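Asks: Here is my input, please return the structure:
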Amino acid sequence: MGKFQIEKCGEIDGLYLIQPTVFGDSRGYFMETYNYEEFKEAGLDMVFVQDNQSSSTKGVLRGLHYQKKHTQGKLVRVLSGEVFDVAVDIRKGSKTYGKWFGVTLSAEKKNMFYIPEGFAHGFYVLSDTAEFAYKCTDFYDPSSEAGIKWDDPAIGVEWPILDGTTPNISEKDGKHPAFTNDITLDY
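Replies: Numbering: from 1, shown residues only. Purely as a prediction, here's the structure:
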């Protein structure tokens, strides 16, 4: 038996849900969070060059982010808490261009989500706090960072935001433009 269950996500090519095998007993648990050979066997032949981690409180929404150059594939997971994670296909020529996919990731489930190059990414924190970690296939390049308005009706992400509440977003994320057909990526 492999150490991971790796499944394609819905209709959007390139997105994968990953469930590691967790070995637990009365002392706690052990699991692998990445294994190049097993990922490669499942068709995920990427190399990661940077790891990132963030901490956020309930109601924080980060995204929808991407880089125009040095595009990043991301293997994302939650170390504590729970988030609703979203990927938006911004690959020119893709049959699912402008479509989104969302999944709840949690420390309890220990599930992971792989988002390849050519996607905008964001998440919304559902728990009181959440620690979010991700591996990237390219380095962060502040000169090519970009984003899409998190609530753009052209994309229509169904964020699980409680009625009557407003997500807590950064000033920069609040200034992202609406989704357009002129997004150009260098990947």
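Asks: switch to C-alpha atoms for all contacts and neighbour counts from now on
Replies: Fine.
Asks: the strands in the protein, which residues?
Replies: In the chain, the strands defined using DSSP state E lie at 4-8, 16-20, 23-25, 28-30, 50-57, 61-67, 74-80, 82-89, 100-106, 112-115, 119-125, 129-136, 145-147.
Asks: The fourth one - contacts with which helices or strands?
Replies: Judged by 3 or more CA pairs under 8 Å, 6 or more residues apart in numbering; DSSP states H and E, the packing partners of strand 28-30 are strand 23-25.
Asks: picking that back up, arrange the strands of the chain in JSON lines, one row each, with mean neighbour count and distance to His176 as further columns.
Replies: Listed next are the strands of the chain as JSON lines, based on neighbours: other CA atoms under 10 Å; distance: least, CA to CA, whole Å:
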{"stretch": "strand 4-8", "mean neighbour count": "17", "distance to His176": "29"}
{"stretch": "strand 16-20", "mean neighbour count": "19", "distance to His176": "26"}
{"stretch": "strand 23-25", "mean neighbour count": "10", "distance to His176": "42"}
{"stretch": "strand 28-30", "mean neighbour count": "9", "distance to His176": "40"}
{"stretch": "strand 50-57", "mean neighbour count": "14", "distance to His176": "20"}
{"stretch": "strand 61-67", "mean neighbour count": "23", "distance to His176": "8"}
{"stretch": "strand 74-80", "mean neighbour count": "23", "distance to His176": "21"}
{"stretch": "strand 82-89", "mean neighbour count": "25", "distance to His176": "14"}
{"stretch": "strand 100-106", "mean neighbour count": "20", "distance to His176": "17"}
{"stretch": "strand 112-115", "mean neighbour count": "25", "distance to His176": "20"}
{"stretch": "strand 119-125", "mean neighbour count": "25", "distance to His176": "12"}
{"stretch": "strand 129-136", "mean neighbour count": "20", "distance to His176": "22"}
{"stretch": "strand 145-147", "mean neighbour count": "18", "distance to His176": "5"}
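Asks: Glu158 is nearest to which of these?
Replies: Among the strands of the chain, strand 100-106 comes nearest to Glu158, with 8.3 Å by CA to CA.
Asks: quick revisit: I'd like the strands of the chain written out as CSV, with distance to Lys172 added.
Replies: Listed next are these as CSV, based on distance: least, CA to CA, whole Å:
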stretch, distance to Lys172
strand 4-8, 32
strand 16-20, 29
strand 23-25, 41
strand 28-30, 38
strand 50-57, 16
strand 61-67, 10
strand 74-80, 21
strand 82-89, 18
strand 100-106, 22
strand 112-115, 22
strand 119-125, 13
strand 129-136, 20
strand 145-147, 9
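Asks: do you know which of these lies nearest Leu185?
Replies: Nearest of those (CA to CA): strand 61-67, 7.5 Å.
Asks: quick one, the closest one and strand 50-57 angle?
Replies: Going by axes from the mean of the first three to the mean of the last three CA atoms, to 10 degrees, strand 61-67 is angled at 160 degrees with respect to strand 50-57.
Asks: what bits of the chain have low per-residue confidence?
Replies: Residue ranges of the chain with pLDDT under 70: 1, 186-187.
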